[in-house]
Structures are given as structure tokens and as C-alpha cells.
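S.K.: could you look at this predicted model? Sequence included:
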Amino acid sequence: MIPYGRQSISQEDIDCVAEVLQSDWLTQGPWVERFEESLAEACGARFAVAVANGTAALHIACLAAGVLPGDAVAVPTMSFAATANCAVYCGAEPLFVDIDAATLNVSRLSLEKVCCEREIKAIVPVHFAGLPCDIEQISTVARKSGALVIEDACHALGARWCDSSGTWRKIGDCSNSEMVCFSFHPVKHITTGEGGAILTNSEDLYERLKLFRTHGITKDRCRLEHNDGPWYYEMQEVGYNYRITDFQCALGWSQLNNLKGWVARRRDIAARYRMAFAELSYISMQPELSGRESSYHLFVIRVPYRKLFFEKLRDSGVGVQVHYIPIHFHPYYRDRFGYARGAFPNAEKYYSEAISLPIFPAMTDEDIDRVIESVKEIGCALQLSAPSAIAP
């Protein structure tokens, strides 16, 4: 079975982790800061705060942004549940936004509608599958609404986009947002096993993020209200134990050295898929847009008879997946907030057709050929290859 995603671990990674395991520090030691500095530099941001996972990153980003009970946070319904859960963890209400039918990123019209109807504390756009959304446009909407922007870039490490001045920018540079969140799950661009990070250019947000990561406790003498001695610390907020280990950060630091090459390989695989499927009328794909370079966390095709297509691909040894079930479909969000099917037609139509194909740097050319052949053979078997065949 070819999985849809898989980590790559080198001997250099193993040696780096082994070095930490034999050292005096296993958690919140020097490798955490080393990884944070390297990640911030790689993305062009001032600060990075590494945490236990991508969900924790989204959660404390909302906390640092001042999201409180009763606030509203705009999020796309087409994402993993964590994108909305981060608002709920703060006692806020997630207000779902539909996606653009082509790009699969946030629909500007849907976002503007939500922002006109309610006062919004934060907007959490997702760079879906690694394709940068129009973050300048979203930032403009946010400024008009008085909202902060927290980018969910868990799909998009290594992606870049060209701004209105013609300057190429990396996802993570926080040029049009207050914070950017990443995930380092094994299927992502680099891995720390589990892990995540928040990037920001704001020193105030940086200090708050560090506070929320570690129980709301600080030992910083400049921030203490009182000081009994060198052992003294204060809990100044209700925080969480969202710390990450030194050996995880050593792995992440080592993996960062391969980021550029791994993203290039993902783009090569995507190009082969695009070429192979370009003439198949029953397949549609997320577009490549001028001025935006996807880092291809996912490669999604949209097909008719999705369930049957999915099952046959799995039977052929191609480990496909579906990303994602619209969040408003989940019983919790349906029952608590009253969302119903039909509310977000673009996201729902996409979900009915979507299949994520395998894409990860360690795929061989033979693996890629096998995926392509399986997709074509199943299309023929389902009699979809005729020129008149189109996705419903």
C-alpha cells in the first residue's frame, strides 16, 4: 500500500536525536530555542514558539489574540476540526465560511458576509493543501472588521506567494497577519513526531505565547510582580502544558535542512499528476495560480462516484484519503451551533468529490506511475474516459 503521506527520516536525523537523548536536557532545553530560531529564519518571521502539536499552536494563538467567551471567530468549514476547535476552547463561537469552488481556500464573498453580520474577533484562514490563500485580501477584510488574522498554515510550510508590490513572500513571514500556525505531524513537510509552532512579528504576542505554552508561568524577572529570590516564579495567566521536547526539536531542526528539496520533490510529483490527468475530463484539480506556489501537502483530485473510486483505489494498493469532512457536518457543531447541510454549497460539493492521492518526498517514480495507472484504469472501468464524462 502506498500511503497518502509519510515522513522521511535520515541517519542525520537519528544522530541529532540521539545526541539530545544522551545530553542533560530532554525538554525545554537549548534545542527548543535553536529550532525556534531556525524556523523563524526559514520563514522570515521575528519570533517562533514551538509547542506540542498544531492544535495547541492554534489554541494559544487564539488565547494570545485575546479571544474570549462570547467572541466570534471566522473559520472555513473545509478544514480539519482543530481549525474550529481552537475558538471553542476559548469559549468563542466559530462562524463558518464557505470556500472558493476552484482554489478551495476561503471565499472572500462568504467571509465578507460573515464579517458584516457579526463582530469578529479573529479570522483563521487555511492555506488548503499548501496553496496560499489571498492573505492580502483577507487582511483587508480583517482591518475593516477590526479582526486579527491567525493563519492556519499547517498545510503550507515552504509555500510562497507574490504580493501586490511584486515581492515574493514566504508563508510564515506574518506580513499580513498577526500569527501563523504550523503542524509537524509525520505527514507534513517536516516532522517532530507530533509538534507545532506559532510565528509572529509581535514581541508582545511572542511573550504571551510563551506564557500560555507553560501553565501561564513566567520566571522572567522583568515580568514578575514580586520576587522572593532566584527560585521564584509566578503564574500570571491560566496556561497549559503545551511544551515540546528537546529531542523533538532536534529532529525538527535537522529536518529543516531538507525543507527546500522536499517541497521541490512534492512540486515535481504534482506536476507529473497534472500532466497525466490533464486530458481526463472526469478529473478536476486545484489550480496552480500565477503568483502563488503551493508546497503540496496534499494533491486532491475531484471525481464522480467518489466512494466507488476511493474503494477501488484502496483495493489496488493506493492509500488514498479524503480531506476533509466539512466541520459543520460533525454532530457537535451541528447540534451546538445549529448548522445544517446545504449551508455551504461549495465545501459540500467539494467533499462529495474529493480524493487525496499519495504525495510525499520519498515516493519513487515507480510509485507515481502506479498511482497514475490506477487512477486511469479505474476511470476506464467506470466508463468515465469518454469525452462527455464530467464530474457531477
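M.R.: The structure has been received and is ready for your questions.
S.K.: so where do the strands sit in the stretch 151-300 of the chain?
M.R.: Remark: strands assigned in the stretch 151-300 of the chain by DSSP state E, counting those that start in this stretch are 160-162, 168-170, 179-183, 196-200, 217-218, 234-235, 284-285, 292-293, 299-302.
S.K.: what's the neighbour count on G29?
M.R.: By the criterion of other C-beta atoms under 10 Å, G29 has 17 neighbours. C-beta here means a position set from N, CA and C on the backbone, and glycine is covered the same way.
S.K.: in space, what's closest to it - neighbours in sequence excluded?
M.R.: D246 (4.4 Å; C-beta to C-beta, 6 or more residues apart in numbering).
S.K.: my read: that neighbour touches E19, true?
M.R.: No - using C-beta atoms under 8 Å, D246 makes no contact with E19, being 10.0 Å away.
S.K.: neighbour count: these two, which is higher?
M.R.: D246 (24 against 14).
S.K.: and stretch 123-131, what's buried?
M.R.: 123-131 (16 or more other C-beta atoms under 10 Å).
S.K.: what of stretch 264-284?
M.R.: Using 16+ other C-beta under 10 Å as the test for burial, stretch 264-284 gives 265-267, 269-270, 272-273, 276-277, 280, 282-284.
S.K.: got it, and stretch 159-174?
M.R.: Those would be 159-161, 169-174, for stretch 159-174 by 16+ other C-beta under 10 Å.
S.K.: please apply the same query to stretch 229-243.
M.R.: 236, 239-240, 242-243.
S.K.: make JSON lines from those residues and add pLDDT to it.
M.R.: Below are the buried residues of stretch 229-243 laid out as JSON lines (pLDDT from 0 to 100):
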{"residue": "Q236", "pLDDT": "94"}
{"residue": "G239", "pLDDT": "95"}
{"residue": "Y240", "pLDDT": "97"}
{"residue": "Y242", "pLDDT": "98"}
{"residue": "R243", "pLDDT": "97"}
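S.K.: and which of the residues you listed is nearest to V149?
M.R.: Y242 (21.5 Å; C-beta to C-beta).
S.K.: so who does the closest one touch?
M.R.: Residues in contact with Y242, defined by C-beta atoms under 8 Å, 6 or more residues apart in numbering, are 51-52, 56, 59-60, 212-214.
S.K.: now tabulate the residues you listed in JSON lines and tack on neighbour count, distance to N105 and pLDDT.
M.R.: As requested, those are exported to JSON lines (neighbours: other C-beta atoms under 10 Å; distance: C-beta to C-beta, whole Å; pLDDT from 0 to 100):
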{"residue": "V51", "neighbour count": "30", "distance to N105": "25", "pLDDT": "98"}
{"residue": "A52", "neighbour count": "19", "distance to N105": "27", "pLDDT": "98"}
{"residue": "A56", "neighbour count": "28", "distance to N105": "24", "pLDDT": "98"}
{"residue": "H59", "neighbour count": "26", "distance to N105": "22", "pLDDT": "98"}
{"residue": "I60", "neighbour count": "28", "distance to N105": "24", "pLDDT": "98"}
{"residue": "F212", "neighbour count": "23", "distance to N105": "28", "pLDDT": "98"}
{"residue": "R213", "neighbour count": "26", "distance to N105": "29", "pLDDT": "98"}
{"residue": "T214", "neighbour count": "18", "distance to N105": "34", "pLDDT": "96"}
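S.K.: farthest-separated two in those residues?
M.R.: H59 and T214 (13.8 Å).
S.K.: sorry, back to before: to V73, which of the strands of the stretch 151-300 of the chain lies closest?
M.R.: strand 179-183 (13.0 Å).
S.K.: how about the secondary structure of I138?
M.R.: helix (DSSP: H, G, I helix; E, B strand; the rest coil).
S.K.: and the residue nearest the centre of this structure?
M.R.: Nearest to the mean C-alpha position of the chain, counting by C-alpha atoms, centre = their mean, stands C154 at 1.8 Å.
S.K.: that one reaches N53, doesn't it?
M.R.: No - checked against C-beta under 8 Å, the pair C154 and N53 is beyond contact range at 9.8 Å.
S.K.: narrow the buried residues of stretch 123-131 to those in helices?
M.R.: Judged by DSSP state H, helices contain none of those.
S.K.: need the residues touching each of C154 and N53.
M.R.: 183, 196.
S.K.: give me phi/psi at Y296?
M.R.: For Y296, the backbone dihedrals (degrees, to the nearest 10) come out as phi 50, psi 60.
S.K.: report the contact partners of it.
M.R.: Applying C-beta under 8 Å, 6+ apart, the residues near Y296 are 129-130, 263, 266-267, 269-270, 359.
S.K.: and G70, by the same measure?
M.R.: By C-beta under 8 Å, 6+ apart, the neighbours of G70 are 91-93.
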